[in-house]
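Asker: return atomic coordinates for the entry below.
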Amino acid sequence: MPIFIDSSKIEEIEKYNKLGILRGVTTNPTIMMKDGLTGGIEGIKKRSIEIAKIVHPYPVSVEVMNNDKEGMIQQAIEFSKWADNINIKIPIHGPNGELDNLEVIHELENKHNVRINVTAMMSAQQCFLAALAGATYVSIFGGRINNMGFNSIKEIKKLRKLIDEFDLETKIIVGSTREVLNVVEWIEAGAHIVTTTPKLVEGMIIHPYTKETVQMFLNDAKNLEKALNQ
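Answerer: As a prediction, the model looks like this:
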């Protein structure tokens, strides 16, 4: 399941899904606002259901909208019912370091059978604890780690070693992708999944030398055709 796309735009998701390369979609309130989504919770519900239908059976991550313990549980259960391939994003902790989120993650996974993608993590140790709590996915923000002056590849390798050694079923998602290079290097480092923007997916496909080579083939084919018709 190597590539998820960060988007809530239907046309983008349909475009890349038709290429056969997507294995999931991730969203959050920031992405949805940037993509111009309106209509509050009902707008999010409608769009999430539409996305889930397009990429089914692959997963779609939808994020809770608050950091209140009971509110997160209620929203997670509600959102997860929108489609059977929707999982729920919950940050590792609150804005002031509140620890309720891990309790919420554990309860949702084990009591309510809701698949959780724990997000906003910057270290292997955070992800390891989220995995122990039972998270289906742990999302480490590779680009932000690099921006802070640390090496995201080292964190991914440490995390994958821990996941494998303790035989945890959690899948590692690496996000906050900044460069085309990140996608393959993070998968090679041990990520199960890298989530990236449509622009970077296009950058993975299109190469200037490939364009030049294809044009050469077309020109030579035309010249060959002319020669054969003389």
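Asker: what comes up buried for the helix or strand where M72 lies?
Answerer: For M72, the host element (DSSP states H and E) is helix 69-80. Neighbour counts over helix 69-80 (16 or more other CB atoms under 10 Å) mark M72, I73, Q75, A76, F79, S80 as buried. Yep, even glycine has a C-beta here, placed from its N, CA and C like the rest.
Asker: with distance to I88 as extra columns, can I get these in CSV?
Answerer: Compiled in CSV, these are given as follows (distance: CB to CB, whole Å):
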residue, distance to I88
M72, 9
I73, 10
Q75, 8
A76, 4
F79, 6
S80, 6
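Asker: closest to E14 among those residues?
Answerer: Minimum distance to E14 across the buried residues of helix 69-80 is 22.0 Å, recorded for F79 (CB to CB).
Asker: now G97: how far from K211?
Answerer: 49 Å (CB to CB, to the nearest Å).
Asker: I should have written L181 there, sorry.
Answerer: 19 Å.
Asker: CA atoms of the helix or strand bottoming out on mean pLDDT in the chain as PDB?
Answerer: Least confident element among the helices and strands of the chain, by mean pLDDT, DSSP states H and E: helix 29-34 (a mean of 86). Listed next in PDB are the C-alpha coordinates belonging to helix 29-34 (Å, rounded to 0.1, in the frame of the first residue of the first chain):
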ATOM      1  CA  PRO A  29      -9.600  20.200   8.100                       C
ATOM      2  CA  THR A  30      -6.600  22.100   6.700                       C
ATOM      3  CA  ILE A  31      -6.700  20.200   3.400                       C
ATOM      4  CA  MET A  32     -10.400  20.600   3.100                       C
ATOM      5  CA  MET A  33     -10.300  24.400   3.800                       C
ATOM      6  CA  LYS A  34      -7.500  24.800   1.200                       C
END
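Asker: rewinding a little: and the buried residues of helix 69-80, which two are furthest apart?
Answerer: M72 and S80 (12.0 Å).
Asker: export stretch 71-89 as PDB, just CAs?
Answerer: C-alpha atoms of stretch 71-89 as PDB (Å, rounded to 0.1, in the frame of the first residue of the first chain):
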ATOM      1  CA  GLY A  71     -16.200  14.700  21.600                       C
ATOM      2  CA  MET A  72     -13.400  12.800  19.800                       C
ATOM      3  CA  ILE A  73     -15.000   9.400  20.600                       C
ATOM      4  CA  GLN A  74     -18.400  10.500  19.500                       C
ATOM      5  CA  GLN A  75     -17.200  12.100  16.200                       C
ATOM      6  CA  ALA A  76     -14.900   9.100  15.500                       C
ATOM      7  CA  ILE A  77     -17.800   6.600  15.800                       C
ATOM      8  CA  GLU A  78     -20.100   8.800  13.800                       C
ATOM      9  CA  PHE A  79     -17.500   9.500  11.000                       C
ATOM     10  CA  SER A  80     -16.500   5.900  10.800                       C
ATOM     11  CA  LYS A  81     -20.100   4.900   9.900                       C
ATOM     12  CA  TRP A  82     -20.100   7.000   6.700                       C
ATOM     13  CA  ALA A  83     -18.400   4.200   4.800                       C
ATOM     14  CA  ASP A  84     -16.700   0.900   5.600                       C
ATOM     15  CA  ASN A  85     -13.300   2.100   4.300                       C
ATOM     16  CA  ILE A  86     -13.200   5.300   6.400                       C
ATOM     17  CA  ASN A  87     -10.700   5.400   9.200                       C
ATOM     18  CA  ILE A  88     -10.300   8.200  11.700                       C
ATOM     19  CA  LYS A  89      -7.300  10.600  12.200                       C
END
